[in-house]
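K.L.:
mind looking at a prediction? Sequence and model below.
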Amino acid sequence: MERTFDPVRLNRQVEGMSAAHQRMLSGLAELTDADVSRESRLPGWSIGHVLAHIEQQGDSLTRLFEAAENDTVGEQYPGGMEARVVAIDAAATRSASDHVNGIRRSVYALEGVIARARSGWYGDARMVTGIVIPMTDLPLRRWREVEVHLGDLGWREFDGPGCWSTDYVREDLAVMSMMWKSRGSMGLTDLPTAVRRRSDAEKLAWLMGRLDIEDVEPARVMA
């Protein structure tokens with residue numbers, strides 16, 4: 001049986017992803033070589049590491065779309081997690097212009113393959129973690145990757161969950177909340193009270209394990 005999906009939701013997520021791409025490219029226009037070597041909000045990663053990851057994650061999704069169009073289930077990162085880490089480390093110390101040019105190339109390669117996708121939308125993708133997911137999940141995953149990792153830069157306007165776009169937070173909060181509820185006890189219908197009191201961006205950050213709230217167990221949605 002052919003898989004079905006909600007085209008309105010998919011279109012919204014593709015548009016959100018593309019808007020995040022443009023915001024990223026505009027924001028990186030003033031990146032300098034000194035910025036690249038600065039520490040990011042992620043322990044052990046410089047801004048260069050974060051940018052290399054954003055670029056390479058885009059390339060990984062391009063590979064998955066190309067495979068799906070050929071009726072195969074692609075591997076997100078050839079060589080698995082170890083190869084992914086090595087590639088990020090190798091690219092992290094590039095110049096600012098090389099990072100920006102690489103991200104721009106990756107963005108338009110991904111958007112191009114998405115624009116050309118036809119039968120591939122009905123296929124599957126194998127992520128680096130080993131899980132197999134529908135191709136229609138990838139635009140939101142990419143949107144999430146761009147928004148969240150821009151916040152990880154800790155640089156200029158890109159600093160933490162407060163910089164995530166309202167559209168992204170609204171879209172992914174609904175998804176992550178449903179994931180959290182599906183893993184809880186029967187009859188559990190809402191987030192913990194202390195979480196509900198927070199802003200939507202903070203709720204989403206908690207669900208992702210990026211915000212600790214006193215006296216509240218971690219969500220572990222993305223574990």
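P.N.:
Perfect, I can see it now. Numbers count the residues shown, from 1 in each chain.

K.L.:
for the spatially most central residue of the chain, what are its contacts?
P.N.:
Centroid-nearest residue in the chain, with Cα atoms, centre = their mean: residue 145, separated by 1.5 Å. For residue 145, the contact set (Cβ atoms under 8 Å, 6 or more residues apart in numbering) comprises 54, 57. Placement of C-beta: from N, CA and C, glycine included.

K.L.:
please report phi then psi for it.
P.N.:
Main-chain dihedrals, residue 145, degrees, to the nearest 10: phi -60, psi -40.

K.L.:
where does it land on pLDDT?
P.N.:
pLDDT recorded at residue 145 is 98.

K.L.:
so it versus residue 213, what's the distance?
P.N.:
Using Cβ to Cβ, to the nearest Å, we find residue 145 at a distance of 24 Å from residue 213.

K.L.:
again, but for residue 132
P.N.:
Distance, residue 132 to residue 213, by Cβ to Cβ: 33 Å.

K.L.:
between these two, which one's more packed in?
P.N.:
residue 213 (17 against 10; other Cβ atoms under 10 Å).

K.L.:
need the pLDDT of that one.
P.N.:
pLDDT, residue 213: 95.

K.L.:
does residue 219 touch residue 204 like I think?
P.N.:
No - taking contacts as Cβ atoms under 8 Å, residue 219 lies outside contact range of residue 204: 10.0 Å.

K.L.:
who touches both of the two?
P.N.:
residue 176.

K.L.:
isn't residue 74 up against residue 66?
P.N.:
Yes - judged on Cβ under 8 Å, residue 74 makes contact with residue 66 at a distance of 7.1 Å.

K.L.:
tell me where the chain has strands.
P.N.:
Using DSSP state E, the strands of the chain run over residues 74-75, 124-126, 132-134.
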